[in-house]
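Trainee: 3D, please:
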Amino acid sequence: MSKPASTDKFILWPPPKLVVRTSGVQRIRDGQPKIRTTVNPGMAPEAYELEITTRQTSVTGGSAAGVEYGLRTLDQLRKQCGDALPCLRIEDAPDFPVRGFMLDISRGKVPEPGALRNLVRSLAELKYNHLQLYTEHTFAFRGHEKVWGEADALTAKEIVDLQKFCAENHIELSANFNSFGHFERWLKHPDYHHLAESPRGFTHPIKGKVPHGTTLRPHEDSLKFLNKLWKEYLPLFKSRRFNLGGDEPWELGQGWSKELVKKHGRQRVYLEFLKKLHKQAAKHGKEMLFWADILLEDPKLVDEVPADATALLWGYEADHPFGEQCARLAAAKRKFWVCPGTSAWNTFTGRTDNMLANMEAAAKHGLASGAEGLLLTSWGDGGNHQPWPIMYPGIAYAAGLAWNRKGAKRNGVARAVNLTFSQSVNSGYGEILFELGRVEDGIKKTKPNRSRLYDLFFAKRADLKKELATLPDAELEKTLANLDKVRRKLTKVGKKFLWEFRSMGELELGVDMAIWAIYRAKFSRARKKMKPLEAELPNLVERFMDHWGNRAREGGLRESAIRMAEIAKEL
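Mentor: Residues are numbered from 1 along each chain as shown. Prediction:
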């Protein structure tokens, strides 16, 4: 009889496609089960079959990766069942050929090598096969120390070492370097002003006046400059894939390219430069991946995208139109991936239900329209103030959806988090993370891609008044009660199951920052003096700085901590 593993006494994640329980138990007496492994080229490369009988265990895969996936499933059983393995047969294969994760290492937080290796181990356990590190300025390019010197950038050797470790875990590490927009870390320096679309700054639609450029001008000089950087960076990666970004060129058409955009249109100017980037990447032996937001502003241009390029459809809200966008690219017979998010950034506690719905929509419409991959993204906007573990539920759920969309159920994700990221499948770790991401459920949402408590914490005084105008006292009080409750539970459950100390400390700090934000709103509305908050803020900053070193290098910390400390001026 076939039944899903998640209904049993154990959980397997990602959920296998077929689990058939047979009678009996294999008792392991010498500490290791007897395992026979076989590669069967007639199977799909990442497919595997796992069979456990009373006498032996066999794993057959379509390739070495397929065998490894079968062994990882066996490891999950061993974690939960010990030396009494249930007899069963599993037949399994993934839905998406590419199951990827992209971590932002350019918004302050550059993880230490140990943190990256631990992340890779967790991704491998969840059967991911692709990793990108989102890079703007955090690679140590020779001769450009002015740009990356304070960022503790990754070196060439560190990338080569990480790639080797990824390969050992059947994960492809691909190059990622944003090469059009989001170039502000370079263009703010006078030495690079000649490459900027708007070297003297521009009016950003969200941030207002920006004193320097953020986008490369679509010119041959920019291509030559990028070519020199690529010559140093791209050969470090064995993967043929290269995500060269291209998203959000905010000021395109406001500066150097103003007349071009007037004549041809913004999207046309963008596409023509993208084609040149594609051609240049091909000379380096790379296949171009690019963010598709600008292209989709004029869907007629999709047909002109080079056929071997891969469009990355990103969107991070529950109602993002993945269906419409996927259908357009599928109709044009263009390669594409769907790219949901962890909903962890611009928050202190996460956004659980938005994350779940966002990922489900991406997986559903991506599969229906033939997407080759699902790339989960976790960003660090504003300085990466979110606790690192807030992204764990998203990592676990995306793994389930990318491998087996129909079999991955919401009610299994918390235990999957426990299985992957804590010492016990019943630790309560995943359940706490889910609860943290729901503390703001009683507050009406006003802006995408963020939580309101995050905005209350960092708001300028004038903006705080606007926030309070749409935020009733009852919503604040309910949220404060939620936070107090989960804060007590976090400490109690964490101590009981002995989570790693840094996880408990980071999550407690996230809750305390959210509570501080609520009291800021309450004091402001009641016109109380802010002295208690002023006194508490340095303590929050100090704790933030202490926990930063748990997983990240020092570079970027000062900038992120200063953003917190400067809120004192707004109290």
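
Trainee: OK, contacts around the residue positioned nearest the centre of the chain?
Mentor: Taking Cα atoms, centre = their mean, the centroid of the chain lies closest to S378, which sits 2.1 Å from it. Contact analysis of S378 by Cβ atoms under 8 Å, 6 or more residues apart in numbering lists F101, M102, L103, D104, G341, T342, A344, W345, M391, G394, I395. Quick note: C-beta positions are derived from backbone N, CA and C, even for glycine.

Trainee: For E158, see how far away it is.
Mentor: In this view, S378 and E158 are 20 Å apart by Cβ to Cβ, to the nearest Å.

Trainee: And T60, by the same measure?
Mentor: Using Cβ to Cβ, T60 is found at 36 Å from E158.

Trainee: who's more crowded, the two?
Mentor: Neighbours were counted for T60 and for E158 using other Cβ atoms under 10 Å; T60 has more, 19 against 16.

Trainee: who's that one bridged to?
Mentor: T60 has these beta-bridge partners by DSSP bridges: T38, E49.

Trainee: V25 belongs to a strand, doesn't it?
Mentor: Yes: membership of V25 in a strand is supported by DSSP: H, G, I helix; E, B strand; the rest coil.

Trainee: Can you tell me the closest non-neighbouring residue to it?
Mentor: A84 (5.0 Å; Cβ to Cβ, 6 or more residues apart in numbering).

Trainee: how about low-confidence regions in the stretch 401-550 of the chain?
Mentor: 497-501 (pLDDT under 70).

Trainee: any idea where the helices of it begin and end?
Mentor: 413-421, 429-436, 452-458, 461-469, 473-497, 501-526, 531-551 (DSSP state H, counting those that start in this stretch).

Trainee: quick one on the thing from earlier: I figured the residue nearest to V25 hits G24, correct?
Mentor: No: counting by Cβ atoms under 8 Å, A84 stays clear of G24, with 10.4 Å between them.

Trainee: The two: who's more crowded?
Mentor: Neighbours per residue (other Cβ under 10 Å) separate A84 from G24, with G24 holding more: 14 against 9.

Trainee: confidence score at the more buried one?
Mentor: pLDDT recorded at G24 is 94.

Trainee: For it, list the residues it contacts.
Mentor: G24 is in contact with T53, T54, C87, counting by Cβ under 8 Å, 6+ apart.

Trainee: Check which helices and strands whichever strand or helix holds the last one sits against.
Mentor: When you say that, I think you mean C87. Here C87, judged by DSSP states H and E, is contained in strand 84-92. For strand 84-92, the packing partners by 3 or more Cβ pairs under 8 Å, 6 or more residues apart in numbering; DSSP states H and E come out as strand 18-27, strand 48-52, helix 64-81.

Trainee: how far off helix 64-81 does the second one point, in degrees?
Mentor: Relative orientation of strand 48-52 versus helix 64-81 (axes from the mean of the first three to the mean of the last three Cα atoms, to 10 degrees): 40 degrees.

Trainee: Give me the contact list for strand 48-52.
Mentor: 26, 33, 43, 57-62, 66-67, 69-70, 73-74, 77, 85-93.

Trainee: For the stretch 1-150 of the chain, give me the ranges with low pLDDT.
Mentor: Low-confidence segments of the stretch 1-150 of the chain (pLDDT under 70): 1-8.

Trainee: 50 instead, please
Mentor: Low-confidence segments of the stretch 1-150 of the chain (pLDDT under 50): 1-7.

Trainee: quick revisit: gap between the strand holding C87 and the chain center?
Mentor: Averaging C-alpha positions (Cα atoms, centre = their mean, to the nearest Å) puts strand 84-92 32 Å from its chain's average.

Trainee: Check stretch 336-356 too.
Mentor: Stretch 336-356 sits 8 Å away from the centroid of its parent chain (Cα atoms, centre = their mean).

Trainee: what about that stretch, start to end distance?
Mentor: Terminal residues of stretch 336-356 are spaced 21 Å apart (Cα to Cα, to the nearest Å).

Trainee: give me the number of residues near V98?
Mentor: By other Cβ under 10 Å, neighbour count at V98 equals 19.

Trainee: So it versus Q56, what's the distance?
Mentor: Noted for V98: a distance of 34 Å to Q56, by Cβ to Cβ.

Trainee: again, but for L483
Mentor: Separation of L483 from Q56 (Cβ to Cβ) stands at 52 Å.

Trainee: In terms of neighbours, single out the busier of those two.
Mentor: Ranked by neighbour count (other Cβ under 10 Å), L483 and Q56 place L483 first, with 23 against 12.

Trainee: residues contacting that one?
Mentor: By Cβ under 8 Å, 6+ apart, the residues touching L483 are T349, V439, V511, A514, I515, I518.

Trainee: Repeat that for D512.
Mentor: R487, L540, R543 are the contacts of D512 under Cβ under 8 Å, 6+ apart.
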